[in-house]
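Participant: no sequence for this one, just the structure:
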């Protein structure tokens, strides 16, 4: 990797990573769904009737859960020890910068639309699910009990 720092990727590596990403039923989604199911929580998945097609929907409680990929939704910089999203994006091509910033903006729009429709929005980073799925499931359970929710490092919107 001559001329590159350890934090940068070659375009070939980035392409390989991006080609392997699934849009639904990702490993973090499956992990969280399994944890919720094990606690007796029943839900709908990838609910197309709502903005953003939430990964998990608790219709009775009007709660939606998104399991957001760190790269796709602008959280990768924290995992790579950088100081900001801008620093992370400075190493990307214009295509990937635009893609990630567009995803972040779309997330915000979807959150606003869902809240206006009376839904409680919970967004959990894939890295938090991988690190401690039980704590992430507890965030959902707290929301179901109408308690304030929070998760260090996550982007929980109560």
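Facilitator: Here it is on my side, so go on. Predicted, not measured: the structure shown is a model, and the values here were computed from it.
Participant: Now residue 44: phi and psi?
Facilitator: phi -110, psi 150 (degrees, to the nearest 10).
Participant: so who does it touch?
Facilitator: 56, 57, 59 (Cβ atoms under 8 Å, 6 or more residues apart in numbering). Where C-beta positions appear, they are placed from N, C-alpha and C, glycine not excepted.
Participant: for the protein, which spans come out with low pLDDT?
Facilitator: Within the chain, the segments meeting pLDDT under 70 span 1-9, 18-23, 150-158.
Participant: Can you give me the buried ones in the helix ranked longest in it?
Facilitator: In the chain, with assignment by DSSP state H, the single longest helix is helix 94-116. Using 16 or more other Cβ atoms under 10 Å as the test for burial, helix 94-116 gives 96, 97, 100, 103, 104, 107, 110, 111, 114.
Participant: With distance to residue 38 as extra columns, can I get those residues in JSON lines?
Facilitator: Below are the buried residues of helix 94-116 laid out as JSON lines (distance: Cβ to Cβ, whole Å):
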{"residue": "96", "distance to residue 38": "36"}
{"residue": "97", "distance to residue 38": "39"}
{"residue": "100", "distance to residue 38": "33"}
{"residue": "103", "distance to residue 38": "30"}
{"residue": "104", "distance to residue 38": "32"}
{"residue": "107", "distance to residue 38": "28"}
{"residue": "110", "distance to residue 38": "28"}
{"residue": "111", "distance to residue 38": "28"}
{"residue": "114", "distance to residue 38": "26"}
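Participant: Can you give me the neighbour number for the closest residue to residue 88 other than its chain neighbours?
Facilitator: Take residue 88 and drop its neighbours on the chain: the residue closest to it by Cβ to Cβ, 6 or more residues apart in numbering is residue 77, 3.4 Å away. Residues near residue 77, counting by other Cβ atoms under 10 Å, number 19.
Participant: helices and strands around the helix or strand where residue 28 lies, which ones?
Facilitator: Residue 28 belongs to helix 27-38 when assigned by DSSP states H and E. When contacts are defined as 3 or more Cβ pairs under 8 Å, 6 or more residues apart in numbering; DSSP states H and E, helix 27-38 packs onto strand 56-58, strand 63-68, helix 126-131, helix 133-144.
Participant: Great, nothing more from me.
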